[in-house]
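**Q** Sequence and predicted structure, then a few things I'm wondering about:
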Amino acid sequence: MLVDLHVHLRGTLLRDTVISLAKRNNVSIPASVISASRYGWHDFPSFLKSYDLITSVVKSANDLEQVAASYLQRCSMLGGSYVEFMLSPPDLARTGVPFFDQLRALQAAADQASQEWGVHSRLIATAVRHLGPSAAIEAARMATSMRSDILVGFGLTGDENQHSVGDFAEAFRIARSEGLKATAHAGEHCPAETVIEAIEILNLDRVGHGVRAAESPNVMRQIASARIPLEVCLSSNLALGLYPTIAAHPIGRLANAGCVIALGTDDPSFFDTDLSQEYALAQTAGSHLSNHIINKNAIEAAFCDERTKAALAARLNK
Ligand SMILES: [Zn+2]
């Protein structure tokens, strides 16, 4: 079994799906972008631009259901058992898909995946950091406006260099007050200390990436002793140039320091990866982390209910 704890739903869009949704929804995407390797981006700003362009083909609840079900089916073929998707509710609400319909679409995909392919899934509603604190509060209000079994967490994605983490405290307070678990991208593009800052200010249960914690023994010690899991996305880190090679990736040092490591694919279609490749990479990174340990960490770190966790643990230990 394999677990994907960090994947942006629309980052899973395959080329064929982009083409068919663009046609269905009358969205014009330059052929050169669609056919380019990794959709033609070359650095973080151009990645964000390419991401916005490619993901603009998703317009309806049906599209959302199709994209989610497609990814869950692919995960099941790779041995996946559990996925937590990230999606920013206001993005699609702006294109005319109310949050209720987004939830219903993702629940339908999740039901199909658990019944037909044995893959469980949940949703983390996210705010986008570079859109600023007011938009984050809007995302938190939308996320907490209705209850759903599938919605389990609130997260912060986007450009870490924009705004200070404290600007998002209110959004996380709103989300947590309604029982949502919390994760935020930190320590990916910014230094080690920002991981502790995000954990403390946003009251995080997990950290998205957090790999730059490895630059500070003191930060690694604090994360390890607090047992705050890191959602490590190896191919993403390599593709975005955080580390030149997998041998240079700090996953091994983080694990040796006692940090709790889980894995994610991040935006697999933009980073040319999949779930099994991430687990294989972790083995080649000199981390001494077995798949069993990573999965055990991931199940404990998952935001789902205890019953689902117990079912996953039983599958792991079979
Ligand atoms: Zn991410």
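**A** Done, it's in.

**Q** how close does the closest residue in space to residue 141 that isn't next to it in sequence sit to residue 143?
**A** Counting by C-beta to C-beta, 6 or more residues apart in numbering, residue 141 lies nearest to residue 174, which is 6.3 Å off, once chain neighbours are set aside. From N, CA and C alone the C-beta is placed, and that goes for glycine too. Relative to residue 143, residue 174 is positioned 8 Å away (C-beta to C-beta, to the nearest Å).

**Q** do residue 239 as well
**A** From residue 239 to residue 143 the distance is 29 Å (C-beta to C-beta).

**Q** okay, the two: which has more neighbours?
**A** residue 143 (29 against 18; other C-beta atoms under 10 Å).

**Q** For that one, give me the pLDDT.
**A** Note for residue 143: predicted pLDDT of 97.

**Q** what about it, distance to residue 278?
**A** Residue 143 is 27 Å from residue 278, where distance means C-beta to C-beta.

**Q** Then residue 78?
**A** Distance from residue 78 to residue 278, by C-beta to C-beta: 10 Å.

**Q** higher neighbour count, those two?
**A** Between residue 78 and residue 278, counting by other C-beta under 10 Å, residue 278 is the more crowded of the two (25 against 15).

**Q** in the stretch 1-150 of the chain, which spans are strands?
**A** 2-8, 80-87, 120-128 (DSSP state E, counting those that start in this stretch).

**Q** Packing partners of the last one?
**A** Put plainly, it is strand 120-128. Packing partners of strand 120-128 (3 or more C-beta pairs under 8 Å, 6 or more residues apart in numbering; DSSP states H and E): strand 80-87, helix 99-112, helix 133-143, strand 151-157, helix 306-317.

**Q** Direction included, what does that strand pair up with?
**A** Note on strand 120-128: by DSSP bridges, its sheet partners are strand 80-87 (parallel), strand 151-157 (parallel).

**Q** that older thread, go through the strands of the stretch 1-150 of the chain and name the closest to residue 257.
**A** Residue 257 lies closest to strand 2-8 among the strands of the stretch 1-150 of the chain, at 19.7 Å (C-beta to C-beta).

**Q** Give me the spatial nearest neighbour of residue 117, chain neighbours excluded.
**A** residue 76 (3.6 Å).

**Q** where's the one you found relative to residue 9, distance?
**A** 16 Å.

**Q** Then residue 267?
**A** 10 Å.

**Q** ditto for residue 292
**A** 28 Å.

**Q** Settle it for me: which of the two has more neighbours?
**A** Legend: neighbour count by other C-beta under 10 Å for residue 292 and residue 9, higher for residue 9 (25 against 11).

**Q** hang on, isn't the more buried one packed against residue 68?
**A** Yes. Counting by C-beta atoms under 8 Å, residue 9 does reach residue 68; the two are 6.1 Å apart.
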